[in-house]
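[1] Okay, sequence plus prediction incoming.
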Amino acid sequence: MKRRWVVAVMSLVCLLTGCSTAGQPSPAASVAPRWRSEIDQALASDSKLTPLTRQILSDYVITDAEYKQAQDRFVQCQADLGFTVTFNADGGYSQSAKDPKATPAEMSAADKACTDEGFAYIQQLYYEMRSNPNGLTNAELIRQCFTKAGVSDGAGLSDDQFSELVLDPNFKPSSAEAQLCILDPAGTQGVTLEQAEQYWSGH
């Protein structure tokens, strides 16, 4: 069973690219208010977080070494429940059962139990804080991408109006460049114009 971290529009990208994370920039020296606020909320409200997860989040920075610690803990958690997990270079992982009689429901239950400890959140933040260090909203990233690509969709709209436009599930981008910006606004997922056109041709 293979799983990938998924966030907002990036879940669409996974259908085409497998969520590649190659070429991610380094995290910013200071933490954007958005990430600080999200981490504060997680620490205050999620009682399932392990001491390791809380320790990693406590300084609002997730280093490569800390992410590896979280991965190792996730692997051990799965092993304790009878499953083997192998991570891929892109952050995805494969799960297999030591017992050949294990059911899909048992595999899913083990997966949920171990991700609930906080690994899924650590993984999501680890990649998001690198691809979007300034903590821009998805709509802000899309508008930034539109401007850079010369896309006129939503030009002249206020920020709220633009957000309403591009986040509307019925919105149809006017060009391949606009389609690409919707799927990969930060430009970190490696989606090509052809893949963006392929995705939108079915919607």
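    Looks like it arrived, so ask away.
[2] Would you map the strands across the chain?
    2-3, 83-87, 93-97 (DSSP state E).
[3] With adjacent residues omitted, what lies nearest to T50?
    Nearest non-adjacent residue to T50, counting by CB to CB, 6 or more residues apart in numbering: E117, 4.7 Å away. (Glycine included, C-beta is placed from N, CA and C.)
[4] Next, the contact list for the one you found, please.
    For E117, the contacting residues are K48, L49, T50, T53, R73, F74, C77, by CB atoms under 8 Å, 6 or more residues apart in numbering.
[5] Show the pLDDT at it.
    E117 is assigned 87 on the pLDDT scale.
[6] Figure out how far stretch 75-84 is from the centre of its chain.
    With CA atoms, centre = their mean, to the nearest Å as the basis, stretch 75-84 stands 23 Å off its chain's centre.
[7] got the buried residues for that stretch?
    Within stretch 75-84, the residues that qualify as buried are V75, C77, Q78, L81, F83, counting by 16 or more other CB atoms under 10 Å.
[8] For the longest helix along the chain, give the mean pLDDT please.
    Longest helix in the chain by number of residues, with DSSP state H as the criterion: helix 64-80. Averaged over helix 64-80, pLDDT sits at 94.
[9] got it, and stretch 136-147?
    Here the average pLDDT along stretch 136-147 is 93.
[10] How is this protein divided into domains?
    2-6+32-131, 138-201 (automatic domain parsing).
[11] rewinding a little: could you identify the most distant pair in the buried residues of stretch 75-84?
    The distance between the two most remote of those (CB to CB) is 11.2 Å, for V75 and L81.
[12] what does the longest helix of the chain rub up against?
    Helix 64-80 is contacted by residues 50, 52-53, 56, 84-85, 87, 95, 110-111, 113-115, 117-119, 122-123, 126 when judged by CB under 8 Å, 6+ apart.
[13] how many neighbours does the closest residue to S175 other than its chain neighbours have?
    Distances taken as CB to CB, 6+ apart put V151 closest to S175, at 6.4 Å, once the chain neighbours are dropped. If you count neighbours by other CB atoms under 10 Å, V151 ends up with 22.
[14] OK, contacts around V151?
    When contacts are taken as CB under 8 Å, 6+ apart, V151 is in contact with C145, P173, S174, S175, E177, A178, C181.
[15] mind running it again at 10 Å?
    Applying CB atoms under 10 Å, 6 or more residues apart in numbering to V151 gives the contacts 142-143, 145, 173-182.
[16] Quick one: residues contacting the closest residue to T84 other than its chain neighbours.
    Nearest residue to T84, sequence neighbours excluded (CB to CB, 6+ apart): S96, at 5.0 Å. Residues near S96 by CB under 10 Å, 6+ apart: M1, Q78, F83, T84, V85, T86, A102, M107.
[17] which pair in those spans the largest distance?
    Distance extremes for these: the farthest pair is T86 and A102 at 16.2 Å, using CB to CB.
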